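> Quick check, what structure comes out for this input:
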Amino acid sequence: MVTKTRVTEVQVYRRSATITRCGEVSLAAGKNIIYVAGMTDSADRDSFRLKFPENIKAINIQVVGTENVKEDVKKESEQIQKKMDEVGYRIETTEYMIELRKQNSNFFSRTNITIEEQEKVMNALPEQMLALHRQLDELRAEKDKLREEYDKAVKEEDKPIIMAEVFAASEGTVPFILQYQDDNCWWNPKYEIHYSSDRNPLEVDMKAQIRQSSGEDWKQVKVTLYTGNPSVSSDLPVMKSVQLSLIEPPKARVRAKGAGMMGMRAMADECCEDACATEAAGAMMMGAAMNMQTIMMDTAESVEEETMTAYVLPNARDILSDAEGNIAELRNFSVKASYHVLSIPSVDNSSYLTAEIVASEWPLPPADAAVYLRDTYAGEVYVDADSDTDLLTLSLGKDERLTVIRTESPKKTQDTFLKGTKKQTCKAEIKLVNTSSDTVSVLLKDQLPVSTDKAITVEPVQLSDASLDEETGELKWELKAEPDKTVVFNVEYTISWPKEKKLFENRVIKNAKTKFCPGCGRPVAGRFCPECGSEVK
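Below is the predicted model of the structure:
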């Protein structure tokens with residue numbers, strides 16, 4: 001007969017899983033042929049392994065279809081079909097009995113029945129009809145249930161079956177294990193970042209969202225999650241030779257008079273993507289009649305293995321096929337952060353509360369993170385400590401404590417005393433007001449244009465003690481904004497260039513480099529894909 005198995009343990013990687021099933025089979029002394037069911041259609045048929053006690057020896061093991069099973073093994077679907085046929089006959093009989101009762105209660109064409117007999121039939125008829133209808137409903141429900149079992153049995157019989165020819169030294173019932181790989185199971189990390197105040201570290205909860213679409217529900221299974229994927233490959237790195245050669249430098253081309261173009265003037269404009277991506281309200285105090293707390297789950301046991309980290313979930317759980325996702329708590333930790341309000345009024349009038357973290361102190365793979373400000377949901381950000389940066393800046397949402405207004409004066413252009421030179425004066429005023437009752441740590445940014453041509457000269461006149469990055473033109477002020485006070489910053493600079501040429505302004509937006517995951521095709525900013533865990537080179 002075909003021996004069924006049950007899923008008892010799954011080892012889930014970022015893009016696949018190892019499924020462990022258990023069963024037992026009765027063996028006679030000597031040679032036995034058994035059929036093992038359980039592998040799903042999505043399973044890798046070349047990856048299965050059967051494990052028996054050491055006193056059982058295998059002679060031949062292979063994957064077959066139901067058509068290769070011996071004829072004396074009856075299919076479960078055929079047995080269910082017979083039950084369905086029997087129930088169908090009973091339904092027809094009950095329906096016939098109901099019609100017969102209706103006909104027997106019609107006395108118009110019957111003259112040989114007395115009034116007393118008619119009253120007796122009519123008094124008994126309601127109870128009889130009610131009992132027959134109840135019986136009919138039960139039979140139809142039984143048939144529907146059998147139909148579900150039949151469909152499930154047919155689906156199971158279409159799955160691959162393992163035929164094993166084994167030799168047993170003695171008669172008895174023995175346990176066995178079936179293992180195989182399935183690519184239709186995966187998990188994604190999901191974080192929750194909790195901010196309480198500027199004086200406390202960030203509290204981080206790492207969760208896992210487990211999904212599988214094998215077509216089979218896994219009930220009460222042991223689950224272990226791995227942070228990577230099986231990565232053994234025959235493709236080892238190859239070092240190629242480096243060849244040197246000489247080339248002739250290109251000859252200078254004579255350019256026609258008037259055809260020359262002055263260099264483009266680049267303006268570095270840093271765009272804070274994390275801040276702009278999150279639309280969130282400030283922290284709010286929640287009042288409640290009772291002291292309610294977020295329900296907590298047991299965290300997983302973390303095991304550092306040779307090539308990846310394993311998280312062993314503490315309790316057996318159900319993982320349903322094609323469900324939205326099973327959430328597991330992996331770990332909780334605190335991370336030190338430096339908080340400040342970021343404002344770049346030349347780009348965005350809003351201000352953003354940010355947390356600056358040392359990237360090496362964030363020990364988690366890249367993923368989306370839900371941000372909570374004092375238990376109030378503020379939105380989501382993408383966290384990637386694997387990006388090429390030493391400091392990781394996280395947006396915690398818009399901060400309404402600051403009002404920042406940037407006003408530009410009209411630009412004035414005039415000819416200078418030096419022959420053939422134009423000079424332009426640019427001014428901007430930035431007013432910063434702290435409307436709260438707290439002292440706020442602020443990082444304010446502005447910029448000067450950057451010359452890309454020796455003929456163009458940018459000279460700062462007044463910067464209000466800002467630190468200047470001469471390579472990018474970035475201006476930066478770090479300050480403590482006192483409550484209900486206004487601070488004013490003035491930015492003034494001049495631009496000089498040849499009079500006969502026209503000045504061009506090219507605004508360069510600094511964005512994260514967008515790459516695409518080789519596994520799932522999702523746009524990725526960091527080193528690893530948050531969807532499938534693949535490394536993006």
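
> Please make it C-alpha for all contacts and neighbour counts, starting now.
Will do.

> Confirm that residue 138 sits in a helix.
Yes. The assignment for residue 138 is a helix, going by DSSP: H, G, I helix; E, B strand; the rest coil.

> residue ranges with poor pLDDT in the stretch 301-450 of the chain?
306, 385-388, 416-419 (pLDDT under 70).

> wait, the stretch 101-250 of the chain
For the stretch 101-250 of the chain, the ranges with pLDDT under 70 are 109-111, 231-250.

> what about the strands in it?
161-168, 172-182, 185-195, 202-212, 218-226 (DSSP state E, counting those that start in this stretch).

> for those strands, which one ends up most surrounded?
Highest mean neighbour count of the strands of the stretch 101-250 of the chain: strand 185-195, a mean of 23 (counted as mean count of other Cα atoms under 10 Å).

> Which stretches in this protein count as helices?
Remark: helices assigned in the chain by DSSP state H are 76-104, 115-157, 273-277.

> Tell me which of those sits most buried.
helix 273-277 (a mean of 17).

> ok, residue 436 touching residue 401?
Yes. Counting by Cα atoms under 8 Å, residue 401 is a contact partner of residue 436 at 5.3 Å.

> Which of those two has more residues huddled nearby?
residue 401 (20 against 15; other Cα atoms under 10 Å).

> quick revisit: the strands of the stretch 101-250 of the chain: which one's closest to residue 330?
With Cα to Cα, the closest approach to residue 330 among the strands of the stretch 101-250 of the chain belongs to strand 202-212: 5.3 Å.

> which other helices and strands contact that closest one?
Strand 202-212 sits against strand 185-195, strand 317-319, strand 326-335, with contacts defined as 3 or more Cα pairs under 8 Å, 6 or more residues apart in numbering; DSSP states H and E.

> Neighbouring strands - and their directions - for it?
Its sheet considered, strand 202-212 pairs with strand 185-195 (antiparallel), strand 326-335 (antiparallel) by DSSP bridges.

> ok, and what's touching stretch 40-57?
63, 159-160, 166-169, 174-184, 214-216 (Cα atoms under 8 Å, 6 or more residues apart in numbering).

> and the end-to-end length of it?
Taking Cα to Cα, to the nearest Å, stretch 40-57 runs 26 Å from one end to the other.

> Need the helices and strands packed on strand 202-212 in JSON lines (columns: distance to residue 201).
Output for the helices and strands packed on strand 202-212, formatted as JSON lines (distance: least, Cα to Cα, whole Å):
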{"stretch": "strand 185-195", "distance to residue 201": "8"}
{"stretch": "strand 317-319", "distance to residue 201": "33"}
{"stretch": "strand 326-335", "distance to residue 201": "6"}
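
> So which of those is nearest residue 309?
Once the helices and strands packed on strand 202-212 are compared by Cα to Cα, strand 326-335 is nearest, at 11.4 Å.

> quick one: residue 26 and residue 325, what's the gap?
For residue 26, the distance to residue 325 (Cα to Cα) stands at 38 Å.

> Please say which of these two ends up with more neighbours.
residue 325 (16 against 12).

> Thought residue 207 was touching the more buried one, still the case?
No. Here residue 325 lies out of contact with residue 207, judged by Cα under 8 Å, at a distance of 11.6 Å.

> hmm, back to that, now distance to residue 128 too, for the strands paired with strand 202-212, in TSV please.
Converted to TSV, those look like this (distance: least, Cα to Cα, whole Å):
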stretch	distance to residue 128
strand 185-195	54
strand 326-335	50
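
> And the ones you listed: which comes nearest residue 409?
Residue 409 lies closest, by Cα to Cα, to one member of the strands paired with strand 202-212: strand 185-195, at 39.4 Å.

> Could you tell me the angle between the closest one and strand 218-226?
70 degrees (axes from the mean of the first three to the mean of the last three Cα atoms, to 10 degrees).

> contact partners of strand 185-195?
Applying Cα under 8 Å, 6+ apart, the external contacts of strand 185-195 come out as 12-17, 201-214, 225, 365-375, 530-533.

> what's the closest residue to residue 377 other than its chain neighbours in contact with, if anything?
The shortest distance from residue 377 to any residue other than its chain neighbours is 6.1 Å, reached at residue 371 (Cα to Cα, 6 or more residues apart in numbering). Neighbour list for residue 371: 192-195, 377-381, 396 [criterion: Cα under 8 Å, 6+ apart].

> Buried by neighbour count: which residues of stretch 400-408 qualify?
Residues of stretch 400-408 classed as buried: 400-404, 406 (neighbour count, 16 or more other Cα atoms under 10 Å).

> from the chain's centre, how far out does it sit?
36 Å (Cα atoms, centre = their mean, to the nearest Å).

> In CSV, please show the C-alpha coordinates belonging to that stretch.
In CSV, the C-alpha atoms belonging to stretch 400-408 read as follows (Å, rounded to 0.1, in the frame of the first residue of the first chain):
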residue,chain,number,x,y,z
GLU,A,400,6.6,69.7,13.1
ARG,A,401,8.5,71.3,16.0
LEU,A,402,10.5,73.4,13.6
THR,A,403,9.5,76.0,11.1
VAL,A,404,12.2,76.8,8.5
ILE,A,405,11.7,79.5,5.8
ARG,A,406,14.3,80.1,3.1
THR,A,407,14.1,83.4,1.1
GLU,A,408,16.3,84.2,-1.9
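
> ok, back up a step: of all the strands of the stretch 101-250 of the chain, which one is nearest residue 488?
The nearest among the strands of the stretch 101-250 of the chain, by Cα to Cα, is strand 185-195 at 30.0 Å.

> contacting residues for residue 469?
Here residue 469 is in contact with residue 475 (Cα under 8 Å, 6+ apart).

> so it bridges to which residues?
With DSSP bridges as the rule, residue 469 is bridged to residue 474.

> In terms of pLDDT, where does it sit?
In this model, residue 469 is scored at 91, pLDDT.
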